[in-house]
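Asks: Okay, predicted coordinates and the sequence, questions at the end:
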Amino acid sequence: MIYLRALLDAHRWRSRSALPTAPRPLALHVVAGGGCDGCLTETNALQGAAYDLARHDIRFVDTPHDAELLFVVGVITRAMLPAVQERWAAMPSPKGVVAIGDCALGKGPFGTNYAILGGIMEAGLAGMQHCDVALQGCPPAPAEILRGLLLLTTGRVVSA
């Protein structure tokens with residue numbers, strides 16, 4: 001019966017070249033800085049089954065060698081700056097930055113001082129001019145993070 005159904009529907013089939021192009025896949029490497037870890041908790045919720053990232057072809061990777069985007073949550077401290085720079089240097093080009101939450105953008109409750117540089121833009125990573133996704137909030141909801149990532153897959157720079 002399934003074979004018969006396929007034959008009946010054959011007139012509706014389209015060639016692969018006629019199909020719309022799928023959004024490009026995203027591989028994200030998480031860098032969790034200092035702070036309250038609220039944004040990290042929302043990121044972990046985003047990776048759950050409720051948001052089904054595999055359907056959107058978005059995945060989190062453990063190593064920067066496999067990533068195309070550095071996913072930053074929390075502030076950048078002076079002690080972690082060398083590790084962030086190493087991760088950024090290890091990523092293949094083209095690469096980008098996703099800054100999630102007020103702390104990662106340098107606008108959170110943790111101001112700059114002897115231990116804290118601020119957000120990812122203050123870190124001064126070589127070759128980084130802007131954040132590809134910059135989502136404000138303390139913390140932004142997982143649905144908002146997913147919306148920003150999906151907009152990025154369509155080729156837009158997201159700043160919300």
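Replies: Structure's in. What do you need? These figures come from a predicted structure and were not determined experimentally. Residues are numbered from 1 along each chain as shown.

Asks: Am I right that residue 102 is in contact with residue 135?
Replies: No - with contact defined as C-beta atoms under 8 Å, residue 102 does not count as touching residue 135 (9.4 Å). C-beta coordinates here come from the backbone N, C-alpha and C atoms, glycine included.

Asks: Please name the residues that touch the residue nearest to residue 71 when sequence neighbours are not counted.
Replies: Spatially, and ignoring its direct neighbours in sequence, residue 71 is nearest to residue 28 (4.2 Å; C-beta to C-beta, 6 or more residues apart in numbering). Neighbouring residues of residue 28 by C-beta atoms under 8 Å, 6 or more residues apart in numbering: 58, 59, 60, 61, 67, 68, 69, 70, 71, 98, 149.

Asks: switch to 6 Å and redo it
Replies: 60, 69, 71 (C-beta atoms under 6 Å, 6 or more residues apart in numbering).

Asks: Just among those residues, which is most surrounded?
Replies: residue 71 (25 neighbours; other C-beta atoms under 10 Å).

Asks: Output the below-cut-off pLDDT ranges for the chain.
Replies: Counting by pLDDT under 70, the chain has low-confidence residues at 1-24, 155-160.

Asks: And the helices in it?
Replies: In the chain, the helices defined using DSSP state H lie at 2-8, 38-46, 81-90, 142-153.

Asks: out of those, nearest to residue 114?
Replies: Judged by C-beta to C-beta, the one of the helices of the chain that comes nearest to residue 114 is helix 81-90, at 13.3 Å.

Asks: List of residues touching the closest one?
Replies: Contacts for helix 81-90 (C-beta under 6 Å, 6+ apart): 31, 64, 65, 123, 125.
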